[in-house]
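A.B. asks: Below is the sequence, then the predicted model.
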Amino acid sequence: MFTVILLRGGAKRIFAQAKTLFEPFEEERLLAFADWNESPRARAVDDVLPGIRRIIKGRREWRVVVVESPEEDGVEAAQPDNPFDYLDNELRPVRLSLQESPHRLVRLAHMLLGYPPMGAKDFEAVYSYKDPDAPTGARIERRASDFAGPGEPPPAPSEVRTMLAGVHDLKIHYREVEYSPDERAQHEELKAAYDFRGNRPAEVIFVSTRRPPEGDPHAQLRAAWSTDLGQVPSQFVARNDYPSGTRFAVYDLVDEEHSDYEQSLMRFWLSVLSVSVNDLPPSAFQADHVYRLDIEVDRDALITTINEHLSRLGSVRDRIDGLFRRPGRRPSTDIATLLVEQEIPVEFDSLGSRPPPPWTATHWLPMCPSASPRVGGRITPRS
């Protein structure tokens, strides 16, 4: 699948050394790079991604890979282990916000994939139990908000069970809370604002660097005992309003002062290249997870490939050196065969009272087009 790569922030600065890795795939038209205008005044797709129409022209299927380096402060501050989960959305209810996101990554996902559809706004618990005064066994239904005071949140199910301790056959079911007409109108406005004329990308893959986890053994022990971390979903996709076609991956890049920085940087860009040129199955790269990105290098195959390229470069170098060291051949043709003597009469006007003698100009003209353009001659008086 054709891939469009967007570089953001610190990714542009560290990309210069890895540009040659992507050039062969650019020449084969398997991928292309596009500019990303992050100005707050850029709101339309053609303003945010200038030239994207020309790049994807004639492509039925395409995708976007966004490579970024997260900010550490300001509105873009995110979780240290998940740079796509922003801190200002941590305490937000898990529902569609119906407002434009202040984060550039989220807005870019909306422009490319569209604003997410409206799901269920919320679910309210409804408690039902048998009426002891009704002879027919009729049931009474009470919503969770009926047990809360003015301005208070609904109580938890355990608290409601305590309140209804004396009732018979208590059951709980949930009822969907509908959106209001005004909220639906806001959603339609956002859908229209993020309209994309043409075929949208099949997926948008966000790849970001992050600091490696701490090597503290106590921290690793606590993480090992936290067994619920892999079972309880974080719901960061819904909390940040990411569309369903987004994918997320991180790479643990060491600091520039680290002795393994060059190797780590090379592995990072090779990982990005592998994601860009290969089709990953949806079952192995799901939308609601953050994956740690890395590659495995076959040392034997890499050594063989490098040696083959070095052998070819050595052959080219020897060929060029031989051409430079080869002595030049002198022309074997005699100069007399290239030039022929021609007499041209020349007459001058009288200078003073004495008439000048007639003169003859003799020139040697080249007889061969490949001969030297140098022309010689002499002027002699005629008797």
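C.D. replies: That came through fine. Numbering: from 1, shown residues only.

A.B. asks: what bits of the stretch 51-200 of the chain have low per-residue confidence?
C.D. replies: Along the stretch 51-200 of the chain, segments meeting pLDDT under 70 span 70-75, 134-137.

A.B. asks: Swap in 80 and give it another go.
C.D. replies: Residue ranges of the stretch 51-200 of the chain with pLDDT under 80: 69-76, 90-94, 131-138, 149, 151, 165-168.

A.B. asks: what are the ranges of the helices in it?
C.D. replies: Along the stretch 51-200 of the chain, the segments classed as helices by DSSP state H, counting those that start in this stretch run 52-55, 104-113, 157-163, 181-193.

A.B. asks: As CSV, these with mean neighbour count and distance to Pro201 would be great.
C.D. replies: Heads up, the C-betas are built off the backbone N, CA and C, glycines and all. As requested, these are exported to CSV (neighbours: other CB atoms under 10 Å; distance: least, CB to CB, whole Å):
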stretch, mean neighbour count, distance to Pro201
helix 52-55, 15, 10
helix 104-113, 22, 5
helix 157-163, 13, 43
helix 181-193, 13, 17
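
A.B. asks: Now render those helices as JSON lines, adding distance to Asp146.
C.D. replies: JSON lines is the format used below for these (distance: least, CB to CB, whole Å):
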{"stretch": "helix 52-55", "distance to Asp146": "53"}
{"stretch": "helix 104-113", "distance to Asp146": "37"}
{"stretch": "helix 157-163", "distance to Asp146": "10"}
{"stretch": "helix 181-193", "distance to Asp146": "24"}
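
A.B. asks: Looking at those helices, spot the one closest to Lys130.
C.D. replies: Minimum separation from Lys130 across the helices of the stretch 51-200 of the chain (CB to CB) falls at helix 157-163, 15.2 Å.

A.B. asks: Could I have the CA atoms of the closest one written out in PDB?
C.D. replies: Written as PDB, here are the backbone C-alpha positions of helix 157-163 (Å, rounded to 0.1, in the frame of the first residue of the first chain):
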ATOM      1  CA  PRO A 157     -24.700   0.200  42.800                       C
ATOM      2  CA  SER A 158     -23.400  -1.000  46.200                       C
ATOM      3  CA  GLU A 159     -24.800   2.100  47.900                       C
ATOM      4  CA  VAL A 160     -28.200   1.700  46.200                       C
ATOM      5  CA  ARG A 161     -28.300  -2.000  47.300                       C
ATOM      6  CA  THR A 162     -27.900  -0.700  50.900                       C
ATOM      7  CA  MET A 163     -30.700   1.700  50.500                       C
END
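
A.B. asks: In contact with Ala287, which residues?
C.D. replies: Contacts here follow CB atoms under 8 Å, 6 or more residues apart in numbering; on that basis Ala287 touches 237, 242, 244-247.

A.B. asks: can you pick the most crowded of those residues?
C.D. replies: The most crowded member of the contacts of Ala287, judged by other CB atoms under 10 Å, is Tyr242 (25 neighbours).

A.B. asks: quick one, phi psi at it?
C.D. replies: Backbone geometry at Tyr242, expressed as degrees, to the nearest 10, gives phi -80, psi 140.

A.B. asks: so what's it closest to, chain neighbours aside?
C.D. replies: Leaving aside its sequence neighbours, Tyr242 sits nearest to Ala109 (CB to CB, 6 or more residues apart in numbering; 5.7 Å).

A.B. asks: got the contact list for the closest residue to Ala77 other than its chain neighbours?
C.D. replies: Beyond its immediate neighbours in the sequence, the residue positioned closest to Ala77 (CB to CB, 6+ apart) is Leu87, lying 4.9 Å away. By CB under 8 Å, 6+ apart, Leu87 lies in contact with 77-79.
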